[in-house]
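Visitor: sequence and predicted structure are below.
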Amino acid sequence: MPMKTSPTTPALLFTALLALCHASSLLAAPPVAPKAEAFGKTQDGTAVEAYTLSNQCGMKLRAMSYGAIVLSLETPDRAGKSADVVLGYQTLAEYIKDTPYFGAIVGRFGNRIAKGKFTLEGKTYTLATNNTPADMPCSLHGGLRGFDKVVWQGEGLAREGAQGVRFRYTSKDGEEGYPGNLKLSVTYWLTESSEWQVEFEATTDKATPVNVTQHSYFNLKGEGRGDILGHELQIAASKFTPVNAGMIPTGQILPVAGTPLDFTKATAIGARIEADHEQLKLGGGYDHNWVLDSQDGKLTRAAAVYEPTSGRQLEVLTTEPGIQFYCGNFLDGSLRGKAGAAYQKRNGFCLETQHYPDSPNHPEFPSCILLPGKTLRSTTVFRFSTR
């Protein structure tokens with residue numbers, strides 16, 4: 001009589017293969033630092049380079065020196081089939097022409113500063129006002145030429161269990177109106193445990209606000225494959241910072257309980273996005289800062305996202321006090337991505353780990369001021385898995 005066997009699903013096979021992948025990585029040869037590849041030139045002739053990181057579990061991350069932009073991030077689904085899960089373009093020229101910060105490092109101050117002004121050590125500084133929600137001007141993501149629009153110096157890295165690339169940039173005193181010569185580096189690591197690690201380090205010779213963040217747009221179904229409304233999101237935050245019509249924090253810190261901004265339990269992004277709530281109307285959906293429950297500066301889980309059709313799961317861990325959840329409300333179909341698909345409204349989401357928006361004008365918020373003699377260190381981890 002033949003032996004009865006249990007059916008083996010692709011998901012179970014992939015889970016077993018993934019376990020073998022992680023186990024075999026312990027015995028593998030040390031990783032090799034990725035080499036720079038030419039990726040075009042800017043309009044002034046500056047050469048731009050790209051670096052490709054990979055692991056033995058089927059993940060690949062490609063980043064370029066212009067804006068320290070992550071160009072692509074390939075990761076397997078529950079059946080082992082890989083897809084690129086970040087929005088973006090094929091060419092440098094497209095990023096230079098028009099981009100809503102796809103994959104970039106933004107700063108010197110990510111997010112908004114009201115009226116493009118702040119006072120520090122008795123002096124008022126004036127920044128470019130490059131964003132005007134409800135006709136209320138503010139400085140957004142570093143100004144007219146923030147860190148997303150400059151060429152960084154790249155260097156391929158390797159360590160046990162990971163490949164990496166470090167990008168360095170010096171923002172000179174007065175650049176975009178900010179004080180101090182800021183020396184900044186961001187290091188991307190892709191590990192054999194399927195983590196994309198983002199590490200910032202910065203020093204300055206004058207007191208200055210610093211709030212740098214990674215601005216990738218994710219779609220765990222794959223870029224260009226429709227909206228993200230069915231993704232299930234959980235945020236480890238019981239409070240948020242409400243905004244006014246100009247998307248500037250009012251200074252209040254309010255509970256999310258009883259509002260559509262409550263993601264303390266996993267909830268589909270689209271479940272309440274059209275709710276009759278003032279904050280959602282102001283942002284055209286979700287575009288707010290959540291106050292993370294952990295405020296001790298240690299690397300702690302901040303959010304998790306699960307996409308049911310692919311089985312992909314993304315966990316976000318950070319040392320930062322806040323996270324901006326933005327669900328692509330201003331994508332309008334005018335931009336076409338890497339696979340040629342038009343990016344429509346809510347075709348991608350961002351989870352930007354950060355200090356709170358407009359922090360230089362809110363002494364009650366955690367301080368974003370970096371002082372001479374001090375070193376800013378900040379870490380965010382994007383951990384991928386399937387279920």
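Guide: Perfect, I can see it now.

Visitor: how about the helices in the stretch 1-150 of the chain?
Guide: For the stretch 1-150 of the chain, applying DSSP state H, counting those that start in this stretch gives helices covering 10-25, 92-97.

Visitor: weakest of these in terms of mean pLDDT?
Guide: Least confidently modelled of those is helix 10-25, at a mean of 51 by mean pLDDT.

Visitor: how about Ala339, secondary structure?
Guide: Per DSSP: H, G, I helix; E, B strand; the rest coil, the secondary structure class of Ala339 is coil.

Visitor: what's around it, how many residues?
Guide: Using other CB atoms under 10 Å, Ala339 is surrounded by 12 other residues. All C-beta atoms are positioned from the backbone trio N, CA, C, and that covers glycine.

Visitor: my guess is it contacts Lys221. True?
Guide: No: Ala339 is beyond contact range of Lys221, at 12.0 Å (criterion: CB atoms under 8 Å).

Visitor: confirm that Ala257 sits in a helix.
Guide: No: assessed with three-state DSSP, Ala257 is coil; it does not lie in a helix.

Visitor: what sits against the nearest residue to it once chain neighbours are set aside?
Guide: Excluding the flanking residues, the one nearest Ala257 by CB to CB, 6 or more residues apart in numbering is Ser238, at 7.0 Å. Neighbouring residues of Ser238 by CB atoms under 8 Å, 6 or more residues apart in numbering: 255-257, 264, 291, 293.

Visitor: go again with 7 Å.
Guide: For Ser238, the set of contacting residues under the criterion of CB atoms under 7 Å, 6 or more residues apart in numbering consists of 255-257, 264, 293.

Visitor: looking at these, spot the one nearest Glu94.
Guide: Proximity of those to Glu94 (CB to CB) peaks at Val256, which lies at 36.9 Å.

Visitor: quick check: closest non-adjacent residue to that closest one.
Guide: Spatial nearest neighbour of Val256, chain neighbours left out: Asp262 (4.2 Å); criterion: CB to CB, 6+ apart.

Visitor: am I right that the one you found sits in a strand?
Guide: No: Asp262: not assigned to a strand; according to three-state DSSP it is coil.

Visitor: Phe147 is in contact with Tyr169, correct?
Guide: Yes: judged on CB atoms under 7 Å, Tyr169 makes contact with Phe147 at a distance of 6.5 Å.

Visitor: compare those two (neighbour count), which wins?
Guide: Set side by side, Tyr169 and Phe147 show unequal neighbour counts under other CB under 10 Å, the larger going to Phe147 at 28 against 20.

Visitor: any buried residues in stretch 260-270, and which?
Guide: Buried residues in stretch 260-270, counting neighbours by 16 or more other CB atoms under 10 Å, are found at 260-263, 267, 269.

Visitor: what's in contact with it?
Guide: Contact with stretch 260-270 is made by 228-235, 238, 240, 256, 272, 275, 277, 279-280, 288, 306, 327, 349, as judged by CB under 7 Å, 6+ apart.

Visitor: of those, which belong to strands?
Guide: Judged by DSSP state E, strands contain the following of the contacts of stretch 260-270: 232-235, 240, 288, 306.

Visitor: which one among those residues gets closest to Val316?
Guide: The nearest member of the ones in strands among the contacts of stretch 260-270 to Val316, counting by CB to CB, is Ile235 at 9.0 Å.

Visitor: could you measure from the residue nearest to that closest one when sequence neighbours are not counted over to Val32?
Guide: Computed as CB to CB, 6+ apart, the closest residue to Ile235 that is not its neighbour in sequence is Phe263, at 4.1 Å. Plainly put, Phe263 is 40 Å away from Val32 if you go by CB to CB, to the nearest Å.

Visitor: and Thr204, how far from Lys172?
Guide: The gap separating Thr204 from Lys172 is 11 Å, by CB to CB.

Visitor: same thing with Gln56?
Guide: Here Gln56 is placed at a distance of 41 Å from Lys172 (CB to CB).

Visitor: can you check Asp287 too?
Guide: Asp287 sits 31 Å away from Lys172 when distances are taken as CB to CB.

Visitor: higher neighbour count, those two?
Guide: Neighbours around Asp287 and Lys172, counted as other CB under 10 Å, are more numerous at Asp287. The numbers are 20 against 10.

Visitor: name whatever forms a beta bridge with that one.
Guide: Here Asp287 sits in beta bridges with Tyr326, as judged by DSSP bridges.

Visitor: show me what contacts it?
Guide: Listed by CB under 7 Å, 6+ apart, the contact set of Asp287 reads 247, 326, 329.

Visitor: do that again at 10 Å, thanks
Guide: Asp287 makes contacts with 133, 243, 247, 279-280, 324-330, 350, as judged by CB atoms under 10 Å, 6 or more residues apart in numbering.

Visitor: how about Arg225, what does it touch?
Guide: Listed by CB under 10 Å, 6+ apart, the contact partners of Arg225 are 83-85, 219, 309-310, 337, 339, 341, 347.

Visitor: oops, could you answer that again for Ala162 instead?
Guide: With the criterion set at CB under 10 Å, 6+ apart, Ala162 makes contact with 25, 31, 53, 55, 188-193, 195, 197.

Visitor: show me the residues you listed that map onto strands.
Guide: Among those, the subset assigned to strands under DSSP E consists of 53, 188-191, 195, 197.

Visitor: helix/strand/coil for Gln313?
Guide: Per three-state DSSP, the secondary structure class of Gln313 is strand.

Visitor: tell me what it is bridged to.
Guide: The residues paired with Gln313 through beta bridges, assigned by DSSP bridges, are Tyr306, Ser385.

Visitor: tell me who's in contact with it.
Guide: By CB under 10 Å, 6+ apart, the contact list for Gln313 reads 78, 220, 232, 304-307, 383-387.
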